[in-house]
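Colleague: Test case, fold it:
(2 chains)
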Amino acid sequence: MFSYYLELALRSLRRNKVLTGLMVVAIALGIGACMTTLTVLHVLSGDPIPAKSARLFYPQLDPQDMDGYREGEEPPEQVTWIDGMNLLKAKRARHQALMTGGAVPVQPAQANVDPFFSDSRYTTADFFGMFDAPFLYGQGWGEADDDSKARVVVITRKLNEKLFGGKDSRGEVVRLKDTPFRVVGVLDDWRPNPHFYDLNVGNYTESEEVFVPLSTSRDLTLPRNGSTDCWGRGGGNDGDHMENATCVWMQFWIELESPADAAAYKAFLENYSREQKTLGRFQRPVNVRLRNVTEWLDQEKVVPNDVRLQSWLAVGFLLVCLVNTVGLMLAKFLRRAGELGVRRALGASKREIFKQLLTEAGVVGLAGGVCGLLLAFLGLWLVRQQPADYASLARLDLAMLGATFVLAVGSSVAAGLLPAWRACQVAPALQLKSQ
Amino acid sequence: MEIKPILTALRRHKAGTVLIAMQIALTLAIVCNALFIIQQRVSHLSEPTGIDENDIYVVNNEWAGKASTAQLDASTRADLAALRQLPGVQDATPSNSYPLRGGGWDDGIRLRPDQTADVTGSTIYFGDDHFVDTLGLRLVAGRNFRADEIGSMEVRERLGAPQVLVTRALADKLFPGESALGKSIYIAGNQTTIVGVVELLQAQSVARWASKFAYRAVILPKRLISAGGGFYIVRAKPGQLEAAMRATPEALNRINPRRVLDEHDGVLSFAEVRARAYEGDRGMAVLMGVISLVLLAITAAGIVGLTSFWVGQRRRQIGVRRALGATRQDILQYFMTENLLISCGGVGLGVVLAIAMNLWLVTRFEMHRLSMDYVLSGVLLLLLLGQGAVLAPAIRASKVSPVEATRSV
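Modeller: Residues are numbered from 1 along each chain as shown, chains lettered A, B, ... in the order given. Here you go, the predicted model:
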């Protein structure tokens, strides 16, 4: 029976090409716009590290003085060197890493390659294990290298190809800002999205290309990128010593055994704050936060508002397109009251008529879905041409592909429900009489 | 025109009537808000920077290799001398930032050292005695920096200088109704004296975080020395912008090759800076425009489709009316009025929806309140659209001949 209905549907759709075309175009436009914006939203609000996002936490403290204090405010988004180091040394979590971002001049050995700047991350040893960074060759450095301010570096696959033609470059030397560094590891392709561990350098920025021990970067005062918020004496007059500055400029991340350990760690942070207050370093009332990756991304509102707005708009757009399709289908089905009356008179039940009309609606939806998918590809291509740092991420994955079809067929069948039901109500005798 | 028979007829087409009205309502709600967003973005685009954008370009100089602060300062001065001697260049200044850059230094301003809260935030610009002329700023009071007042400052030193220039917006905020010249202000706890006031200079960013101090800026007479590098703002002679930009990398590398000028961002014309700063806003405005147009087109097509169907369905009735003496004009008017009635219903609902949608956007996306002008123009637009769309089917209806009344009976 279904194949017969399908044939009827195709015949009926062919009979009135303009109306059919209008319905298909309306659905296609609605689906195309919706899928484009929803895909962007889906990509941008993804979990950067699904295996661990519930166990990785970002502790925040409030080390500021009373100047400008207002109750109930959020503590600063980063930590000072002193607090970062204290928490790191306390080792209360399974893994912990203190880090900041920067950019270093890379001076290739080849004479024909000009020096260039690469984004860099200065971090303590646990970074790689904690964030599951995949290694192509070698591994990260150890705690001993942190302590000895070792001149070691981890580079990415891309930089390895540029500098060493992609070979296993362990043991090779890279010159960074006039200092030779020994390569200990090469990272495979890795781009957590959003760039959750340091949002100051860009919410969806690519991963850094150069990783250097934090202690080494301070020893050589490698250039820093990111945000620095100071109070009181701020950076002070003592030049290079950001270590003593009353400024927050570092990110501190921890990995706990299980999410349930968070309460204990939070209690530790509160204790630490009280202790620092007794020592006179902290002045404000104890104000700590301990958010996991997902909560931290929500708190920082990483997904751009414009992207959310566009998604809502596209949903509204699809709604108008659907209402439009309902109207057109209603017109189409009711116009065929005569034909349907004959079928009813020949013994087709209301149910069968309903099925036949819904098949027709489904065909329109399928055609609209296919066209909409093509439009979505076009739309995403347009998004990728944009200069925003998330542009290159805008690609349709399998899940969204499936969602497109479900959305297209589902919504057009839903749009067909009312017209089909109305058409079923036609009294066959009345129609036959007026023929 | 009698409205009552039309209403009676519509009651027999409830589903279709409601659908058209709903479509009009939704379209009105979305289009009103989209137009409003476009207007907001476009007015954002046209905010002035206060500088002579046509002839200005920016050099982003990044030092490679190790050097002491004194060496970097000497290199900076040598660079500036070289830039000013380029044939196409009129003037140049070092700076830490420039309007529309997207980020930079801001700090709180206080009027007394013992104040516990800032009077206002302010953009912090650094420049030498060429800053005002290079950017084409207009001094409205006081004087420019003198050459002997310019010093250098390492990026980690505490912010301060004996003299500063301020923008008029900052001066008015700090000293409303009086002259700011010679007055003391405190930046990062350091006392400084205002020696001049410039008319207009925008903050380094047009993002929301900088909107609280959008045109409030302080200019310090310093070359800011950072191991990473900094910016040179250069003003080309009229009509020689491109030539000057082309000559810049070579001229700088000749005196000191230990630097990186990025291929894409190293030398930027201000037109490019402006385009980059606003591309998000422009993209959003274009998108809203396209969506509005497509929505209007779809709604128009829907009206044409449904009315055509009604006309086809009522051919016999139209024939009867014509046979009983109704003119073509009457038939045309019948369908036009019918559409007007449906549109009015849709528009009425649409106004409520538009306002509700705007209120939701205000709470969710920090939008402004929708002005009634937009709602009214949206209403007018949709009524006209409806009348325009119904015209073709209505004319076809008016051409139905009275003979139809007899044919199919």
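
Colleague: all strands of chain B, in order?
Modeller: Assigned strands in chain B, in chain order: B:56-63, B:89-95, B:106-110, B:120-127, B:139-142, B:151-154, B:163-167, B:184-187, B:190-198, B:217-225, B:229-236, B:259-260, B:267-269 (criterion: DSSP state E).

Colleague: tell me the angle of the fourth one relative to strand B:217-225?
Modeller: Same thing as strand B:120-127. 40 degrees (axes from the mean of the first three to the mean of the last three CA atoms, to 10 degrees).

Colleague: So in that sheet, which strands flank strand B:120-127, and in what orientation?
Modeller: Partners of strand B:120-127 in the sheet, by DSSP bridges, are strand B:106-110 (antiparallel), strand B:217-225 (parallel).

Colleague: The shortest one: which residues count as buried?
Modeller: In this case it means strand B:106-110. Applying a neighbour-count criterion of 16 or more other CB atoms under 10 Å in any protein chain shown, one finds B:Asp106, B:Asp107, B:Gly108, B:Ile109, B:Arg110 buried in strand B:106-110. The C-beta positions use only the backbone N, C-alpha and C, and glycine is treated the same way.

Colleague: if we can go back for a sec, now tabulate the strands of chain B in a markdown table and tack on mean pLDDT.
Modeller: As requested, those are exported to a markdown table (pLDDT from 0 to 100):
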| stretch | mean pLDDT |
| --- | --- |
| strand B:56-63 | 92 |
| strand B:89-95 | 95 |
| strand B:106-110 | 88 |
| strand B:120-127 | 93 |
| strand B:139-142 | 93 |
| strand B:151-154 | 87 |
| strand B:163-167 | 95 |
| strand B:184-187 | 92 |
| strand B:190-198 | 94 |
| strand B:217-225 | 93 |
| strand B:229-236 | 93 |
| strand B:259-260 | 86 |
| strand B:267-269 | 94 |
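
Colleague: Including distance to B:Glu404, could the strands paired with strand B:120-127 go into TSV?
Modeller: Compiled in TSV, the strands paired with strand B:120-127 are given as follows (distance: least, CB to CB, whole Å):
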stretch	distance to B:Glu404
strand B:106-110	76
strand B:217-225	77
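
Colleague: now for the ones you listed, which one comes closest to A:Cys34?
Modeller: strand B:106-110 (39.7 Å; CB to CB).

Colleague: Check the residue of the stretch 1-150 of chain A found nearest chain B and give its pLDDT.
Modeller: Residue nearest to chain B within the stretch 1-150 of chain A: A:Pro105 (3.7 Å; CB to the nearest CB). A:Pro105 carries a pLDDT value of 88.

Colleague: Does it have any beta-bridge partners, and if so which?
Modeller: A:Phe117.

Colleague: For it, give me its contacts.
Modeller: A:Pro115, A:Phe116, A:Phe117, A:Leu176, A:Lys177, B:Glu62, B:Trp63, B:Ala64, B:Gly65, B:Val260 (CB atoms under 8 Å, 6 or more residues apart in numbering or on different chains).

Colleague: so the first one makes contact with B:Trp63?
Modeller: Which is A:Pro115. No - taking contacts as CB atoms under 8 Å, A:Pro115 lies outside contact range of B:Trp63: 10.3 Å.

Colleague: intersection of neighbour lists for those two?
Modeller: With CB under 8 Å, 6+ apart as the test, A:Pro115 and B:Trp63 both reach A:Pro105, B:Val260.

Colleague: which of the two has more neighbours?
Modeller: For A:Pro115 versus B:Trp63, neighbours defined as other CB atoms under 10 Å in any protein chain shown are more numerous around B:Trp63 (23 against 19).

Colleague: Perfect, I'm done here.
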